[in-house]
Each structure stands twice: as C-alpha cells, then as structure tokens.
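Asks: sequence-free structure coming up:
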C-alpha cells in the first residue's frame, strides 16, 4: 500500500483531494466571512449616511433656533426702543403729515386721533383719521410717502369721493394706525 502512495497517480489524487478540501473549507469559512464583511461595510455606509443626515438636520435646527432668538431680540428692541417713544413719534408723525400734505398741495381738514387697545394687552393702537382734498395723483403720491416712511404708519382705510368735476379734485378719507407700548410702560 505504501508503494501505491508513492505513485504519481496517487499523489495527484491526494493533491486533488487536498485542494478540493481546501476549496470547500475556503468556501465554507472565508466566503461567508467576506459576505459578512461586505454586509458590515454596507451597514457602516448606511450608518454614516444616517449620521450625515442627522448632522444636516441639526445644523438646520440650529439655524432656525438662531433666527428665532434673533427675531425675539428684534421684537424686544422694537417694543422698547420704538413703541415706547410715544410723544416723540406722535410729534414726528404729525410733522411728517403736515410737511407731506403741504408739499403735495393737498388740503387737509381737521385731523382726529383716537386710541384703542389691541388684542395684545400691552399695546395701544392710535388711529389717525385724515380727511384730504386734492388731485388724485397728489393723494397717490402722499400714500406712497406714508408707506415708504419709517414711522410705522399703517393705512387701514382709504375712501375716495369725487369732489368736483371742474377742478379735478377728489375727497379722500384716509385712516391710519400706529402702535405704541400701552398700559404702565409709558
């Protein structure tokens, strides 16, 4: 039997069996290990992508929070620096309306001021009723001046009536509003 093992054919058959056993062993142990490694790599890439998405969402949330805080600061600044200056702003508003109506050649009747409270308990609304008479284009220009001013004037109503066919004038009831800090914030 020993002589058989030293024969060329026996050695080739033995070597083929060993190679086949090695191939089966590799296929049984190394193949699944590669599949596991490939699956782990795919899961790792998926986790990296999930983490990147979370980082982007966090950056977006940080931006929204920063914008919210900035807006809150601006509202506080607006309320304390702008809305509390009632007397100063009323004088500026009155002066502005006088200058702009004179510059546009618009006649003004008696201006009336009324105060009411808003839904916000610490704000007051000052209503200004401004009866005007003048050319249509001049009144439109005045409305543009009011909208472009930095006095925080809101046009709440504009009623237009024709005053005279011959003069081309129109009569306008212009209602404006502005806000001030109300209550004990004076």
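Replies: Sure thing, it's come through. Owing to the predicted nature of the structure, the values given are computational and were not obtained by experimental measurement. Residues are numbered from 1 along each chain as shown.
Asks: tell me how far stretch 91-111 lies from the chain's centre.
Replies: Centroid displacement of stretch 91-111 relative to its chain, using C-alpha atoms, centre = their mean, to the nearest Å, is 36 Å.
Asks: numbering from 197 from now on, please.
Replies: Okay, residue one is now 197; in that scheme the one you just asked about reads as stretch 287-307.
Asks: quick one: mean pLDDT for it?
Replies: Averaging pLDDT along stretch 287-307 yields 90.
Asks: pretty sure residue 312 is touching residue 320, no?
Replies: Yes: under the criterion of C-beta atoms under 8 Å, residue 312 makes contact with residue 320 at 7.2 Å. In short, each C-beta sits where N, CA and C put it, glycine included.
Asks: between these two, which has more neighbouring residues?
Replies: residue 320 (19 against 10; other C-beta atoms under 10 Å).
Asks: what is that one paired to in the beta sheet?
Replies: Counting by DSSP bridges, residue 320 is bridged to residue 313, residue 376.
Asks: tell me which element residue 283 falls in.
Replies: Assigned by DSSP states H and E, residue 283 belongs to helix 282-300.
Asks: after the lowest-mean-pLDDT helix or strand in the chain, next one along is what?
Replies: Across the helices and strands of the chain, the lowest-confidence element by mean pLDDT, DSSP states H and E is helix 198-201, at a mean of 58. Using DSSP H and E, the helix or strand that follows helix 198-201 towards the C-terminus is helix 204-221.
Asks: low-confidence ranges in the protein?
Replies: By pLDDT under 70, the low-scoring segments of the chain are 197-202, 227, 275-280, 314-317, 359-363, 378-382.
Asks: domain parsing of it, as residue ranges.
Replies: According to automatic domain parsing, the chain comprises the domains 204-276, 282-381.
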